[in-house]
Structure formats: C-alpha cells, structure tokens
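sequence unavailable; structure follows:
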Ligand code: ARG
C-alpha cells in the first residue's frame, strides 16, 4: 500500500510546486548530477555501466533543456523531480539510481550556491563594464565645470569628471562585495544528504573539485540549512542597485529642461503618447525605482530565514523567486545604466552657466579672510552678511564697490574680486581627492589602475549557468 492514499489537492500543488520558477536551476542541476554520477561510479556505489546510462540520460536532458524541447509534465513538482523523471524515461529504471546518496535538500542548496556564484561573477563583470564607461566619460569631460550640490542647492563648483568618478568608486566597492559573495559559496553542500550525511562511502572532495567549490561543507546540518550566500548576494545587489538609483535620479534631474545638463540618446528615452515634444528618461527613472525592489527581496529573505529551525524546511523554497528576480533586475539595471551613459551628451554651456554662479565662491572668499588670520567661524559670518547685502541690493558680489566690501571687513580688499576669477575656486581645491584638475587626473589614473585589476575572465570553474537563459519562461 502506498504511503499516501490521496493525490495532492490542486490548491496545495499550486502553493507547493516550485517548477514554475526553479526550472532556471536546470543547467546547474544537470552539471551537479553529472559530477554526482561520476563520483558514485568511481567509488563503486553504482556500477560503471549504470553510470554510463545515467550520463547518457543527463546529456540528453541537457540538450533538451538548452534547445527548449524539454517537456515539463503536470506531475513535475520541481526541477529536480522533473530531471529525474526524464532521465528515467530515457534510460529506464536505472534512472532511479540518480538519487543514490543524495537528497533534494543537499541538491537544491548546491544548485543555488552554483547559481549565486555564477551571478555574482556576472554582476561583478557588469559593474566593471559600467565603471569602464564612466571612466571614459570622465576622461572626455575632464575639465568641464559644473556646480556641485548639497541639499540639491548649488554649493561649490566641481569638474564633471570628478562627479562622474564618484560613481566609479561606488562600483568598485560593489565589485568587491560581489567577489566576497562568490567566496561565500565556497563550501559544497552536496553529500550532506537530507541532513545527517549518507550511508555510502562518498568522495565529497572530488565532488567539490568537479563543481568548482573549495571544499565540502564541514557540517551536514549547516550544509542543508545554509542560505547565507543568498543573503550576501541580495545585500550586495541591494547596495549596488541603490548606487544605480542615485545615478538614475541625477540623470532624471540633469536631463530636465530646468537643468539641461545632458541629453539622453534617442535609443534610451521614450516619447509621450500624448505630448509630441516630450523626451522622457524612462530608463533613468526605472533605475531609481528598481532599487527598493531588490532591497525588498533582501528583507523578505531575512524574513524567510528568521527563526527558522534547522535543518531544511519548505520555507527555504521561498529563497528562489527573491534571488532570481534580484539577479534579473540588477543585471538589466547595470546594462541599462551602461547603455544610457554610453549614449549621453553633456551640455557644456549649461553646465558652465550654472557653475558660474558667483555665490558658489562664497567659501573661497571666507578662506581668503582665514588666510589673513580671521578665525573661520568669523569669516563665515562676514561673507554671509556680504551675500545678504548683495542679494538685497540685487547686485552680484563682484559688482559691489570696494567700500561696500570694506564695510563688512577691512580685510576684504581688491583680492576678494580674484577669489572667484576664472577657475580659481576649482583649482584651489588641491587637497587629496579634491576637484583641482591635477587631483582629478591623479584620481583618473588610480581608477584606471583599479580597472586593470579586473574581475574579467575570473569566472568560477563550472557552474557557468549556460543554458539558463534558454529555458522556457513558462515550463508547464
Ligand atoms: N523544491 C524544493 C526547494 O526549492 C527542493 C527541495 C525539496 N526538499 C524537500 N525535502 N521537500 O526547496
């Protein structure tokens, strides 16, 4: 008599089945199963002919998954069951040996670690590519003055290159975080069995080596319960997406008529269905809005793991949609940011006109007094009152008469007029990391050096996820 006398309720299946999304793990699952079969045969746990049969079935499944001909059946609960079912159809009862010394618990954790590793490398590579584009833009706009802002109020002039490079350093930190995410997938869950280990003389070292893991996870209980690498990926992705949202927000502002600092390429903007004159920065707006979605996935995943008793619980199935959507969203945001910037054109005159606002040199005037021995706080007051005076009179500071300056402080002489001359406020910021051209040039060289130490080509062995993209969107 079977263990269950009734088939699962349709509503239960709707809630419980994961095939609708975990089909994406197919290529990782096949790769893992190949290594597993090789290990089982090498250890004499299954015979070589059985191993060959299973490999033949897996090869066929891989083919079907990648060319889209794999047919998912109504009874397939998840990708692991679907693959085992298909292998058994292809090679007969020996297909039932695929799950020898393995549980779906260590299997799914392994697939997921492979997925996270592949996508951590992908995010790293895309982060790198975006940084490269920004470095090139900075180079092309090295000495273009613009206003720097605090509180979105014009504060002090900076070079556009300096502002663009700010994003490059954020992206380098992102790249570093994705490296560390890949490192968090180094311990192999496979071989942990359901939770306690398995009753066979397996070789987990060889599995680890075949699948690109550093070593077997040392504790089978932790191995099947651990999803830290998912949290790590989501955290890194949320931070990176937050950076992109700030970039997106600036592009929205800058491309507006009010700022007029830049124009997006036609290919990266959309028109209005009603107003013929409109050119909307939709991609930039979406960069802005996608970030909280990824942060939401991170919070949700903390919710899934919070207070979860060891070891495997079905709650863990809920890790996938958060992870998959975060990876898709982040990867397309990184690509869009790059595409948008590659086609952007900046408006030198508008930037310059905004930077030319002479109130932006107020700090420089105060510092002139400081250099003459006035304590900074006092100098701040003097210039503040000078600014008020000029605003009340409706005259720029540079048009005030020498007596008016002297009224505020006897130390404000003709040199006050030079404090903002030309690019004085920009070129006076010679402190390390500052906006003076020599410093930005230095910074650019440093960024180039960072780029040269690239992640490029550094894809973990195995787990390429090849074919993941080729799977059908709705398998059943
Ligand atoms: N679909 C499941 C998941 O995604 C696979 C593991 C199922 N294990 C189990 N003991 N029911 O988590």
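Received the coordinates, thanks. Because the structure is predicted, anything quoted here is derived from the model rather than measured.

contact partners for residue 237?
123, 294, 297-298, 326-327, 329-330 (C-beta atoms under 8 Å, 6 or more residues apart in numbering). C-beta here means a position set from N, CA and C on the backbone, and glycine is covered the same way.

out of those residues, who's the most crowded?
Counting neighbours by other C-beta atoms under 10 Å, residue 330 leads the contacts of residue 237 with 30 neighbours.

now that residue: closest residue in space, sequence neighbours ignored.
residue 237 (4.6 Å; C-beta to C-beta, 6 or more residues apart in numbering).

what helix or strand does the one you found sit in?
helix 228-254 (DSSP states H and E).

what's the distance between the residue nearest to residue 330 and residue 19?
25 Å (C-beta to C-beta, to the nearest Å).

do residue 216 as well
29 Å.

count of neighbours near residue 88?
17.

helix or strand next in line after the helix or strand bottoming out on mean pLDDT in the chain, which one?
Scoring the helices and strands of the chain by mean pLDDT, DSSP states H and E places helix 415-418 at the bottom, with a mean of 83. Per DSSP H and E, the first helix or strand lying C-terminal to helix 415-418 is helix 424-427.

buried sites along the next helix or strand after that following helix?
Sequence-wise, the next helix or strand downstream of helix 424-427 (DSSP H and E) is helix 437-452. Judged by neighbour count using 16 or more other C-beta atoms under 10 Å, the buried positions of helix 437-452 are 437, 439-440, 443-444, 447, 450-451.

show me what the helix or strand where residue 403 lies is packed against.
Assigned by DSSP H and E, residue 403 belongs to helix 402-408. The helices and strands touching helix 402-408, judged by 3 or more C-beta pairs under 8 Å, 6 or more residues apart in numbering; DSSP states H and E, are helix 376-393.

pull out the buried residues from the helix it packs on.
Counting neighbours by 16+ other C-beta under 10 Å, the buried set in helix 376-393 is 379-380, 382-383, 386-387, 389-390.

could the residues you listed go into a markdown table alongside pLDDT and distance to residue 221?
What follows is the buried residues of helix 376-393, written out as a markdown table (pLDDT from 0 to 100; distance: C-beta to C-beta, whole Å):
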| residue | pLDDT | distance to residue 221 |
| --- | --- | --- |
| 379 | 90 | 65 |
| 380 | 94 | 62 |
| 382 | 90 | 69 |
| 383 | 90 | 66 |
| 386 | 90 | 71 |
| 387 | 91 | 67 |
| 389 | 91 | 74 |
| 390 | 90 | 72 |
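
which one of these sits closest to the ligand?
residue 380 (60.9 Å; C-beta to the nearest ligand atom).

for the helix or strand containing residue 88, give the mean pLDDT please.
Here residue 88, judged by DSSP H and E, is contained in helix 79-91. Mean per-residue pLDDT for helix 79-91: 98.

same check on stretch 444-454?
91.

contacts for that stretch next, please.
With C-beta under 8 Å, 6+ apart as the criterion, stretch 444-454 contacts 128, 131-132, 135, 138-139, 142, 161, 165, 168-169, 172.

which of these lies closest to the ligand?
residue 128 (31.4 Å).

contact residues of the stretch 201-350 of the chain facing the ligand?
Proximity of the stretch 201-350 of the chain to the ligand, by C-beta under 6 Å from any ligand atom, involves residues 312, 316-317.

what would these look like in CSV with neighbour count, pLDDT and secondary structure?
Below are those laid out as CSV (neighbours: other C-beta atoms under 10 Å; pLDDT from 0 to 100; DSSP: H, G, I helix; E, B strand; the rest coil):
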residue, neighbour count, pLDDT, secondary structure
312, 20, 98, coil
316, 21, 98, helix
317, 17, 98, helix
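
ok, of these, which one's closest to the ligand?
Looking across these and measuring by C-beta to the nearest ligand atom, the closest to the ligand is residue 317, at 3.6 Å.

surely that closest one touches residue 18?
Yes. Using C-beta atoms under 8 Å as the test, residue 317 is close enough to residue 18 to be in contact (5.2 Å).

go ahead and confirm residue 290 touches residue 244.
Yes. Between residue 290 and residue 244 there is a contact at 7.5 Å, judged by C-beta under 8 Å.

what about the two, which has more around it?
Each of residue 290 and residue 244 has its neighbours counted (other C-beta under 10 Å); residue 244 has more, 27 against 21.
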